[in-house]
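Peer 1: quick one: sequence plus predicted model below, questions after.
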Amino acid sequence: MNLVPFGLALVISLNLPGQQAALGGEEHAVLLAGKHHCMIAYAGKGHSFTLEIGAHPAKPSDIPGFITIDKQILQSTLVPAAGAFGEAAMTTAKEKDILLRYMNYELEFYKKKLKQRYSHLQTEWVTLEGRLFLLWYFDMPEHYKLVSRQVYASTLFYDQVMDLNAPVFKADDWGKARGLLVRLASTMKTYDRRLDLEMLRKKL
């Protein structure tokens, strides 16, 4: 892995002009908005997934790569997962090991390469509809005026890690952000084929 999550890079780009993280190789899920409800969807070459938003207000954010749901911005990002060879033969212990190594790598990159500090890192494991997620969140440095905390929900998606990330602008809103990520994560459906996103959108 050699990627920093876009949510971390977003904070850096907003607060440190001229300093950018290399984001090559990341992929993003997209917002599909229909007449009756909305969803987040991703279509890869051989695998796809959807996350149900339902009737909650959703729209593209002013920040590229993000969407806004109930006034909370978030994104769904996919990055390669070292050591992941598909879900069928994956043990829970191996899955946890991969997700923790992924989180630690990204945080180390954030701290050493990007020269940024975070504090009060917390992690928790949750199983939602049979799928294991690592929830992790931390406080941003006090001099960051825009974002106070970052909240992530990470899971394995075949040979990738799927991240849901919500930057928290007001410290008191972090519980709302966490709740939104958990609600979305609990609706994740995967497909062993490439979905036709335009056709899917028309059915919403």
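Peer 2: Thanks, I have it.

Peer 1: in this structure, where's the longest helix?
Peer 2: helix 92-108 (DSSP state H).

Peer 1: residue 117 sits in which helix or strand?
Peer 2: Taking DSSP states H and E as the definition, residue 117 sits outside all helices and strands.

Peer 1: thought it was touching residue 111?
Peer 2: Yes. Between residue 117 and residue 111 there is a contact at 6.6 Å, judged by Cβ atoms under 8 Å. Where C-beta positions appear, they are placed from N, C-alpha and C, glycine not excepted.

Peer 1: next, the residue nearest to the spatial centre of the chain: secondary structure please.
Peer 2: Central residue check for the chain by Cα atoms, centre = their mean: the C-alpha nearest the mean position is that of residue 164, 2.0 Å away. Taken by DSSP: H, G, I helix; E, B strand; the rest coil, the conformation at residue 164 corresponds to strand.

Peer 1: shouldn't it be in contact with residue 181?
Peer 2: Yes. Applying Cβ under 8 Å, one finds residue 164 in contact with residue 181, separated by 4.7 Å.

Peer 1: report the set of residues contacting both of those two.
Peer 2: Common contacts of residue 164 and residue 181 (Cβ atoms under 8 Å, 6 or more residues apart in numbering): 74, 152-153.

Peer 1: what subset of the residues you listed is buried?
Peer 2: The neighbour count (16 or more other Cβ atoms under 10 Å) marks 74, 152-153 as buried among these.

Peer 1: among the residues you listed, which lie within strands?
Peer 2: The strands, defined by DSSP state E, take in 74, 152-153 from these.

Peer 1: show me where this protein has strands.
Peer 2: In the chain, the strands defined using DSSP E lie at 27-28, 30-33, 38-43, 48-54, 58-60, 67-69, 72-80, 119-128, 131-139, 149-157, 160-168, 189-191.

Peer 1: pipe the ones you listed into TSV and attach mean pLDDT per row.
Peer 2: Below are the strands of the chain laid out as TSV (pLDDT from 0 to 100):
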stretch	mean pLDDT
strand 27-28	86
strand 30-33	92
strand 38-43	94
strand 48-54	93
strand 58-60	89
strand 67-69	92
strand 72-80	92
strand 119-128	94
strand 131-139	95
strand 149-157	94
strand 160-168	93
strand 189-191	96
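
Peer 1: circling back to that earlier point, closest to residue 197 among the buried ones among the shared contacts of residue 164 and residue 181?
Peer 2: Using Cβ to Cβ, residue 74 is the member of these that sits closest to residue 197, with 18.7 Å.

Peer 1: and the closest one, bridged to which residues?
Peer 2: Beta-bridge pairing for residue 74 (DSSP bridges): residue 67.

Peer 1: for it, what are its contacts?
Peer 2: Residue 74 is in contact with 66-68, 164-167, 177, 180-181, 184, counting by Cβ under 8 Å, 6+ apart.
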